Structures are given as structure tokens and as C-alpha cells.
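>>> how does the following fold in three dimensions:
(one chain, ligands or ions: 1)
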Amino acid sequence: MAAKPAVLITGASSGIGAVYADRFARRGHDLVLVARDKGRMEALAERLRRETGVAIDIIKADLTEPADLAAVEARLRDDARIGVLVNNAGAALGGGFLEQSPDVVAKLIALNTTAVARLASAVAPRFVAAGEGAIVNIASVVGLAPEYGSTIYGATKAFVTFLSQGLHLELGPKGVYVQAVLPAATRTEIWERSGRDVNKLTGVMEVDELVDAALVGFDRRETVTIPPLPDAAQWAAFEAARQAMLPNFAQEHAAARYRAA
Ligand code: NAP
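Alright, predicted model coming up:
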């Protein structure tokens with residue numbers, strides 16, 4: 001792998017993905033941009049080539065379409081210059097569970113989970129063989145908060161955080177860095193695309209600040225980065241509480257509260 005590996009970013013046509021593209025280009029990394037809107041990616045690539053001189057390829061792909069997803073998987077499998085995958089493409093849904101049709105739910109799951117897992121699966125063997133590489137997965141604090149009322153979206157993001165933590169444990173010892181980034185509300189098009197007005201929210205982070213903070217976590221090789229969380233000890237306590245249960249799960253008998261009297 002080259003000293004500065006190329007970075008493949010999904011969902012690079014707008015929002016968080018477009019800012020990742022900008023930042024990695026400024027760090028001198030060549031890019032592969034993936035999304036559906038080729039025109040927007042071409043405009044971004046043209047600007048970044050001019051401003052930074054890096055090489056940028058574009059793959060137009062709808063990651064909910066199996067053939068398009070397979071093409072991105074093939075690129076990740078075969079292109080040894082790519083040393084960083086940013087699994088960022090994603091969407092949200094408006095309304096509650098009862099307003100969301102099974103087809104809409106399945107499509108969101110395909111984009112937010114299946115594509116993320118398949119792309120990681122495509123690239124991981126090559127990274128492990130090289131003994132280096134990084135996978136950045138954009139999850140969300142919504143995956144920690146069923147109380148927010150975005151059940152399907154939150155469930156997909158809980159998947160992404162778990163996937164990242166598991167891959168960190170499996171691939172970390174083989175030289176591959178895996179990071180989950182958990183933004184809270186960030187000013188991007190995701191709100192409008194899912195029928196919501198971001199201007200009605202408080203505590204919204206600007207997208208540049210979100211990505212710059214996520215990259216501080218990346219440079220520190222954090223496994224879980226929650227840019228807006230003021231007190232990192234709260235996440236540490238949450239993880240410690242979860243881990244404290246682990247030695248207690250393997251039992252031959254049900255807990256006393258479930259045994260017939
Ligand atoms: P965004 O501006 O709407 O960007 C979403 C990106 O995903 C776009 O580039 C879009 O490009 C791409 N995309 C959407 N559907 C796609 C599909 N079927 N196939 C391929 N690409 C697709 O929103 P964003 O906030 O930057 O979202 C990026 C990630 O951050 C998502 O995973 C989101 O869940 C996560 N996140 C966002 C927030 C927030 O408040 N903004 C908070 C937590 C987590 P095309 O339309 O060109 O395909």
C-alpha cells in the first residue's frame with residue numbers, strides 16, 4: 001500500500017461524505033467517490049483536483065441496487081491503492097413505524113446496514129492480508145436512543161455501531177483500524193430528504209465541525225467517536241456497565257426470577 005492510501009467514500013455527493021472528501025484530499029489522499037448523483041460528485045471532484053492536486057475517481061452507484069453494490073465491492077476488493085473505506089452513505093425516514101411501509105423499511109435497512117456490511121466484508125480480507133487499512137463507519141447517537149422515536153433508523157445505526165465494535169475486536173489485532181462515528185443532529189440534507197426541518201431543532205452541529213472532530217478521533221485511533229458528547233466518561237461508564245454483564249450470561253439455569261415457585 002502507498003504511503004498515502006486512496007480513500008473510498010460512500011455518500012460523497014453531499015453532507016458529511018462531501019466534507020470527508022474535502023478533508024482527505026487536503027491531507028493528500030487520492031479519492032474514490034461513490035453516490036447516485038454523478039453531477040454533484042463531478043463538481044466536487046473538479047474543485048478538489050484543482051485545489052489539492054489529488055486524483056479522484058467517481059463511481060455512480062445506488063447502494064440499494066445489488067448490481068451497483070457489487071461494482072463497489074469489486075473495486076474495494078481489487079484496487080490495492082484503496083486503504084481507507086468511509087462507509088458514510090445513509091438515509092433517514094420521516095414519520096413513525098406505522099407510517100413506514102415494509103418496502104420503505106427494507107430499502108433503508110439495505111442502504112444503512114446491508115451495504116455497510118457488504119462493503120466492509122469486501123475490503124477486510126485485503127486489508128488483513130496487507131496488515132493495514134482503516135474502515136470508518138458513520139453510525140448515529142440515535143442508535144443509542146430508542147426514546148428519539150426513529151425506531152428503524154436507530155436500529156440500523158445500532159447495527160453499524162455493533163458491527164464496528166465487533167470488527168475492531170476481530171480485525172484490530174490484524175492491523176486494521178475500525179472506527180464508528182456517532183454524530184448527533186448535524187446540518188445536512190438528510191433532514192429535508194426525510195421530510196423534516198432541521199431549522200426547528202436546537203443543538204445542531206455544522207457539518208465541517210462534525211467531520212473535523214471525527215477526524216481527531218480517527219487520528220487518535222478511537223473505536224467509538226461521539227463528537228458532541230461533552231463527557232467521554234459517560235460513554236466509558238456505559239461500556240463498563242455492558243461489559244460487567246458479560247461474565248453472567250452463561251448459565252445452566254434461568255435466573256431465580258424466572259423459575260416457577
Ligand atoms: P446527506 O447530506 O443526505 O448525505 C447522504 C449521502 O448518502 C449523499 O451523498 C447521498 O448521495 C448518499 N446516498 C443516499 N442514498 C443513497 C443510495 N441509495 N446509494 C448511494 N448513496 C446514497 O446526509 P448526511 O447527514 O451527510 O448523511 C451521511 C451519514 O451520516 C448517514 O449515514 C447518516 O445516517 C449519518 N448521520 C447523519 C446525521 C445528521 O444529523 N446529519 C446524524 C447522525 C448520523 P446521492 O443522493 O447522490 O446518492
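>>> mind listing the helices for the stretch 51-200 of the chain?
Per DSSP state H, counting those that start in this stretch, the stretch 51-200 of the chain carries helices over the ranges 66-78, 102-109, 115-130, 151-171, 190-193.
>>> out of these, nearest to the ligand?
Minimum separation from the ligand across the helices of the stretch 51-200 of the chain (C-beta to the nearest ligand atom) falls at helix 190-193, 3.4 Å. The C-beta positions use only the backbone N, C-alpha and C, and glycine is treated the same way.
>>> what's the spacing between the closest residue to Ser14 other than its chain neighbours and Leu229?
Excluding the flanking residues, the one nearest Ser14 by C-beta to C-beta, 6 or more residues apart in numbering is Glu189, at 5.3 Å. Glu189 sits 24 Å away from Leu229, going by C-beta to C-beta, to the nearest Å.
>>> cool, and Gly96?
As for Gly96, its distance to Leu229 is 26 Å (criterion: C-beta to C-beta).
>>> who has more neighbours out of the two?
A direct count of neighbours by other C-beta atoms under 10 Å for Gly96 and Leu229 places Leu229 higher, at 14 against 11.
>>> surely that one is in a helix?
No: according to DSSP: H, G, I helix; E, B strand; the rest coil, the state of Leu229 is coil, so it is not within a helix.
>>> so what's the residue lying closest to it once chain neighbours are set aside up against?
Nearest residue to Leu229 in three dimensions, chain neighbours excluded: Trp235, at 6.2 Å (C-beta to C-beta, 6+ apart). Applying C-beta atoms under 8 Å, 6 or more residues apart in numbering to Trp235 gives the contacts Val224, Ile226, Leu229.
>>> lowest confidence element among the helices and strands of this protein?
When each helix and strand of the chain is scored by mean pLDDT, DSSP states H and E, helix 190-193 comes last, with a mean of 95.
>>> how far away from the center of its chain is that one?
Taking C-alpha atoms, centre = their mean, to the nearest Å, the mean C-alpha location of helix 190-193 is offset from the chain mean by 17 Å.
>>> picking up where we left off before, just put the helices of the stretch 51-200 of the chain in TSV and tack on mean neighbour count and distance to the ligand.
Shown next, in TSV, are those (neighbours: other C-beta atoms under 10 Å; distance: least, C-beta to the nearest ligand atom, whole Å):
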stretch	mean neighbour count	distance to the ligand
helix 66-78	16	7
helix 102-109	14	8
helix 115-130	20	7
helix 151-171	19	7
helix 190-193	16	3
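>>> redo these as a markdown table? Include distance to Arg220.
As requested, the helices of the stretch 51-200 of the chain are arranged in a markdown table below (distance: least, C-beta to C-beta, whole Å):
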| stretch | distance to Arg220 |
| --- | --- |
| helix 66-78 | 25 |
| helix 102-109 | 31 |
| helix 115-130 | 20 |
| helix 151-171 | 14 |
| helix 190-193 | 26 |
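>>> before we move on, back to that, and the residue nearest to Leu229, what helix or strand is that in?
Under the criterion of DSSP states H and E, Trp235 resides in helix 232-245.
>>> now that helix against helix 151-171, angle please.
Here the directions of helix 232-245 and helix 151-171 differ by 80 degrees (axes from the mean of the first three to the mean of the last three C-alpha atoms, to 10 degrees).
>>> same question for helix 232-245, mean pLDDT?
Averaging pLDDT along helix 232-245 gives 98.
>>> likewise for stretch 136-152?
Mean per-residue pLDDT for stretch 136-152: 98.
>>> do the same with stretch 94-106
97.
>>> need the residues that contact that stretch.
With contacts defined as C-beta under 8 Å, 6+ apart, stretch 94-106 is touched by Leu93, Gly149, Thr151, Ile152, Ser194, Gly195, Arg196.
>>> what's the most distant pair in these?
Every pair in those was compared (C-beta to C-beta); the two farthest apart turn out to be Thr151 and Gly195, at 16.2 Å.
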